[in-house]
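Enquirer: 3D model of this:
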Amino acid sequence: MKIEQIYTGCLAQGAYYIESNGEAAIIDPLRETAPYLEKAEKEGSTIKYIFETHFHADFVSGHVDLAEKTGAKIVYGPGAKTKYSIHEASDNEDFQLGKLTIRVLHTPGHTPESSTFLLLDESGQEHAIFSGDTLFIGDVGRPDLAVKSDLTREDLAGLLFDSLRNKIMPLPNEVIVYPAHGAGSACGKNMSSETWDTLGNQKDTNYALRADMTKEEFVKEVTDGILPPPQYFAKNARINKEGYDSIDAVLEKGTVALDIDTFESMANHEGALVIDTRNEADFVKGFIPKSIFIGLDGSFASWVGTLITDIQQPIVLVTDEGRAQEAVTRLARVGYDNVLGYLEGGFEAWTAKGKDVDSLAQVTAQGLAEMLVAGEQVEVVDVRKKSEHQSEHVENALNVPLDYINDSMGELVRENTYYLHCAGGYRSVIMASILKARGYENLVDIAGGFKALAETSIPKSEYVCPSTL
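Expert: You can find the predicted model right below:
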């Protein structure tokens, strides 16, 4: 028996490779198929099944491509309806994988078709569960992503309570929990940075598994404080139900090297959005006017999905040498398949040809502190999440979270000068690039973000709930 977790940190996503006696199963694969095909070939195994715990909302699964390339059967839980061929399993249905058994436990709540896959070892003992978004380490899945006219998030939370109590918690404490996500995912509120645990430890430490918890308490706690999901979630779920273009075709189209004239024509005349994927420190020094910074060295795909509302938007890329395929692959993971190519020679080729270049002003945290001591009036904009801002922030700073910039841009006056910061510098540069592209010129990035600001004498405040005043 072989179990391997294939964890992708930038999406906080866990896929799984299970092998026994020459037969393999993949659970919740990412869009690109090569890693799974290569692993099976290395192990001398045949991929027999592709198990999907639910219709994922935060990434496009590789199940359709992988099934076409291997002949493997795609297995969903009860209630899953798709436009391509699947096996819709029944509750408690068993699937043989070499000497192992994988049992489907229908666990609705996160979504109606959500299922947990229970792995029985060679002796028939419960060994592990692949819990998808039903049970995380430290949390459970949010119950608001499959809300319909006849099914509220409270209804789904109630189903989730029953699923956990009736299907998962009765399992032995020694069972290993392998979830689909970890800390950083928007699919839950309180996920641990650990990517697996024993069920027994989760019963002791996970707030949602308290033995004395009533259904009413569970529903209230699970639904309290849920932020709206990123706009691309519903679009990815639809793609996973309906199917998509082959990843090979997407990569072939997106990894075309574009000369400067072609690149410029696509941006200026064909409506392509220029995304600069370099490091934020390089972007600040110089960038193509009206390009948007979303760096590959951060949560690239998630931020693209959050900020670019048209999933069919034509895109051209500025990348560091050798990273174009990585960028196209990561965009495809969240359904942004309309990449038309990348700038041949990168930003260096652009400058070498004498093309116009823009830049972003920066100030150090200490420099900002000295400005305040000298009596200068500055408007600080904190682009972190509301919860981060409330924890501690620069006194009188305006909180305009990057997540909702498309809705809240009207809070900023185009003629004003704003000093922007996030936690470390990545998000504030994204925000500045978007504002610059939309005509806001008087922007200054605070280098090092709040981490650097916290080490200065600049006055800071914490949010005080009005009920405690």
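Enquirer: tell me the helices in the stretch 351-469 of the chain, going along the chain?
Expert: Assigned by DSSP state H, counting those that start in this stretch, the stretch 351-469 of the chain shows helices spanning 365-373, 386-391, 405-408, 426-437, 449-453.
Enquirer: winner for burial among those helices?
Expert: Mean neighbour count (mean count of other Cβ atoms under 10 Å) peaks for helix 426-437 among the helices of the stretch 351-469 of the chain, with a mean of 24. No exception for glycine: its C-beta is placed from N, CA and C like everyone else's.
Enquirer: in the stretch 301-450 of the chain, what spans have low per-residue confidence?
Expert: Judged against pLDDT under 70, the stretch 301-450 of the chain has no low-scoring part.
Enquirer: Let me see the contact set for the nearest residue to Y232 once chain neighbours are set aside.
Expert: Counting by Cβ to Cβ, 6 or more residues apart in numbering, G305 is the residue found nearest to Y232 once chain neighbours are left out, at 3.5 Å. Counting by Cβ atoms under 8 Å, 6 or more residues apart in numbering, G305 touches D58, P230, Q231, Y232, F233, N236, V334, G335, Y336.
Enquirer: What of E32?
Expert: E32 makes contact with G62, I247, T329, A332, R333, according to Cβ under 8 Å, 6+ apart.
Enquirer: Distance check, it against L11.
Expert: In this view, E32 and L11 are 12 Å apart by Cβ to Cβ, to the nearest Å.
Enquirer: Return every residue with contacts to both of these two.
Expert: Joint contacts of E32 and L11 (Cβ under 8 Å, 6+ apart) are R333.
Enquirer: hmm, back to that, help me confirm that the residue nearest to Y232 is found in a helix?
Expert: Yes - assignment of G305 by DSSP: H, G, I helix; E, B strand; the rest coil places it within a helix.
Enquirer: so how far is F233 from it?
Expert: 8 Å.
Enquirer: now swap in V339 and tell me
Expert: For V339, the distance to F233 - Cβ to Cβ - is 21 Å.
Enquirer: What is the neighbour count of P230?
Expert: Other residues near P230 number 19, with proximity taken as other Cβ atoms under 10 Å.
Enquirer: ok, now how distant is it from V334?
Expert: As defined by Cβ to Cβ, P230 lies at a distance of 9 Å from V334.
Enquirer: is it true that S291 touches A432?
Expert: No - taking contacts as Cβ atoms under 8 Å, S291 lies outside contact range of A432: 11.8 Å.
Enquirer: Sort out for me which of the contacts of E32 are in helices.
Expert: The helices, defined by DSSP state H, take in I247, T329, A332 from those.
Enquirer: Next, format the residues you listed as JSON lines and append neighbour count.
Expert: Below are those laid out as JSON lines (neighbours: other Cβ atoms under 10 Å):
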{"residue": "I247", "neighbour count": "24"}
{"residue": "T329", "neighbour count": "20"}
{"residue": "A332", "neighbour count": "24"}
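Enquirer: Then L296 would be within a strand, right?
Expert: No - under three-state DSSP, L296 sits outside any strand and is assigned coil.
Enquirer: got a list of what it touches?
Expert: T277, R278, T319, D320, R323, E326, A327, R330.
Enquirer: same question, L97
Expert: I18, E19, S20, E23, A24, A25, K48, Y49.
Enquirer: circling back to that earlier point, between the helices of the stretch 351-469 of the chain, which one is closest to T351.
Expert: helix 426-437 (17.5 Å; Cβ to Cβ).
Enquirer: just checking, what packs against that closest one?
Expert: If you count contacts as 3 or more Cβ pairs under 8 Å, 6 or more residues apart in numbering; DSSP states H and E, helix 426-437 packs onto helix 280-285, strand 292-293, helix 300-307, strand 418-421, strand 443-447.
Enquirer: Take the helices of the stretch 351-469 of the chain and lay them out in TSV including distance to Q5.
Expert: Supplementary listing: the helices of the stretch 351-469 of the chain in TSV, determined by distance: least, Cβ to Cβ, whole Å:
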stretch	distance to Q5
helix 365-373	39
helix 386-391	29
helix 405-408	34
helix 426-437	26
helix 449-453	30
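Enquirer: closest one to R210 among these?
Expert: Taking those one by one with Cβ to Cβ, helix 386-391 is closest: 23.1 Å.
Enquirer: Can you give me the domain assignment for the protein?
Expert: By the assignment in automatic domain parsing, the chain contains the domains 2-234, 245-352, 361-468.
Enquirer: From one end of the second one to the other, what's the distance?
Expert: Meaning domain 245-352. End-to-end span of domain 245-352 (Cα to Cα, to the nearest Å): 37 Å.
Enquirer: follow-up on the earlier one: quick one, which of the helices of the stretch 351-469 of the chain gets closest to A186.
Expert: Proximity to A186 (Cβ to Cβ) singles out helix 386-391 among the helices of the stretch 351-469 of the chain, at 12.9 Å.
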